[in-house]
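K.L.:
heads up, no residue letters with this:
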Ligand SMILES: Nc1ncnc2c1ncn2[C@@H]1O[C@H](COP(=O)(O)OP(=O)(O)OP(=O)(O)O)[C@@H](O)[C@H]1O
Ligand SMILES: Nc1ccn([C@H]2C[C@H](O)[C@@H](COP(=O)(O)O)O2)c(=O)n1
């Protein structure tokens, strides 16, 4: 593992703002960005395209090894995710894809299959990596580790607004149930469960705007 390249890990539960904050911070620092959840989502979506049953662990592990995932910025600077040659960005962001990703992420061999791919993102001048186990398993030597939280109610409201803005019809109650179910599965699995690294700085973002949180994280990098 290359330990000379700086890494900032940002872990936390669904809707805590990991992706948003990580992208802003990476941009401000001029560092690379790893959306590790997109890899799990991509495998889940690719498995769906191939009609693989979520109980067929052997086929899911092969799918994790075989699925090609590419990241590229569109002309507006938005990150697009290409799965096996298909732009799957919108499909990856659905709650169905999130739930499938959470289910396959509980399979230890799937996690092992994706480990090196995540570590390959560690490139100069530095990396901001977001997920569930960035600080605990993938980059345990990271210099700065953040664990973002927010109340489940606020996370559901954020997701509700995000989906409403996209014209997706959902209910707040349904989103809250999905978030709580995903939190429980991600935190209770046997391997690499969602939890803060012992040396992580915990930031509760409830009631805090994006800019405030970005500045709090940047302050850890440039004390
Ligand atoms: N501090 C914040 N205050 C208000 N809204 C926020 C904040 N952080 C993120 N958001 C909004 O909440 C929504 C979810 O954020 P984001 O997708 O970054 O969360 P996430 O933790 O990466 O979720 P997931 O794990 O499901 O991918 C987005 O619409 C984002 O703009
Ligand atoms: N490092 C990671 C990243 C993601 N997962 C799993 C668990 C999540 O519920 C799911 C989707 O992630 P998201 O895009 O919402 O960040 O993928 C994981 O286990 N480990």
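P.N.:
Structure's in. What do you need? What you see is a predicted model; the values in this text were computed from it and never measured. Ligands and ions are numbered 1, 2, ... in the order given.
K.L.:
and residue 79, its phi and psi?
P.N.:
Dihedral angles of residue 79 (phi, psi; degrees, to the nearest 10) stand at phi -80, psi 130.
K.L.:
what about it, neighbour count?
P.N.:
Number of residues near residue 79 (other CB atoms under 10 Å) recorded here: 14. In short, each C-beta sits where N, CA and C put it, glycine included.
K.L.:
got it, and residue 26?
P.N.:
20.
K.L.:
kindly report the same for residue 32.
P.N.:
Neighbourhood size, residue 32 [other CB under 10 Å]: 18.
K.L.:
beta partners of it?
P.N.:
residue 127 (DSSP bridges).
K.L.:
surely it meets residue 118?
P.N.:
No. Using CB atoms under 8 Å, residue 32 is not in contact with residue 118; the gap is 11.8 Å.
K.L.:
show me the shaky parts of this protein.
P.N.:
Low-confidence segments of the chain (pLDDT under 70): 1-2, 223.
K.L.:
spell out which parts of it neighbour ligand 2.
P.N.:
14, 36-37, 40-41, 98, 101-102, 105, 131-133, 182, 186 (CB under 6 Å from any ligand atom).
K.L.:
5 Å instead, please
P.N.:
14, 36-37, 40, 101-102, 105, 131-133, 182, 186 (CB under 5 Å from any ligand atom).
K.L.:
for the residue nearest to residue 201 when sequence neighbours are not counted, helix, strand, or coil?
P.N.:
Of all residues not flanking residue 201 in the chain, residue 146 sits nearest, at 5.4 Å (CB to CB, 6 or more residues apart in numbering). Counting by DSSP: H, G, I helix; E, B strand; the rest coil, the backbone at residue 146 sits in strand.
K.L.:
any idea what residue 146 is bridged to?
P.N.:
Applying DSSP bridges, one finds that residue 146 bridges with residue 10, residue 201.
K.L.:
ok, it - contacts?
P.N.:
Contacts for residue 146 (CB atoms under 8 Å, 6 or more residues apart in numbering) come out as 8-12, 135, 200-203, 217, 220.
K.L.:
which one of those residues sits closest to residue 173?
P.N.:
Using CB to CB, residue 12 comes nearest to residue 173 of the contacts of residue 146, at 22.4 Å.
K.L.:
might one say that the closest one is in contact with residue 148?
P.N.:
Yes. Assessed by CB under 8 Å, residue 12 is found in contact with residue 148 at 3.7 Å.
K.L.:
between these two, what contacts are shared?
P.N.:
Counting by CB under 8 Å, 6+ apart, the residues touching both residue 12 and residue 148 are residue 18.
K.L.:
can you show me the strands along this structure?
P.N.:
Applying DSSP state E to the chain gives strands spanning 7-11, 32-35, 69-73, 79-83, 86-87, 127-131, 144-149, 201-204.
K.L.:
ok, the third one: who's next to it in the sheet?
P.N.:
Read it as strand 69-73. Strand 69-73 is paired, per DSSP bridges, with strand 79-83 (antiparallel).
K.L.:
what's in contact with the partner strand?
P.N.:
Taking CB under 8 Å, 6+ apart as the rule, strand 79-83 contacts 23, 33, 35, 38, 41-42, 45-46, 67-74, 87-89, 92.
K.L.:
put the buried members of those residues into a ChimeraX selection.
P.N.:
To isolate in ChimeraX the members of the contacts of strand 79-83 that are buried, counting by 16 or more other CB atoms under 10 Å, one can use:
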select :23,33,35,38,41,42,45,46,67,69,71,88,89,92
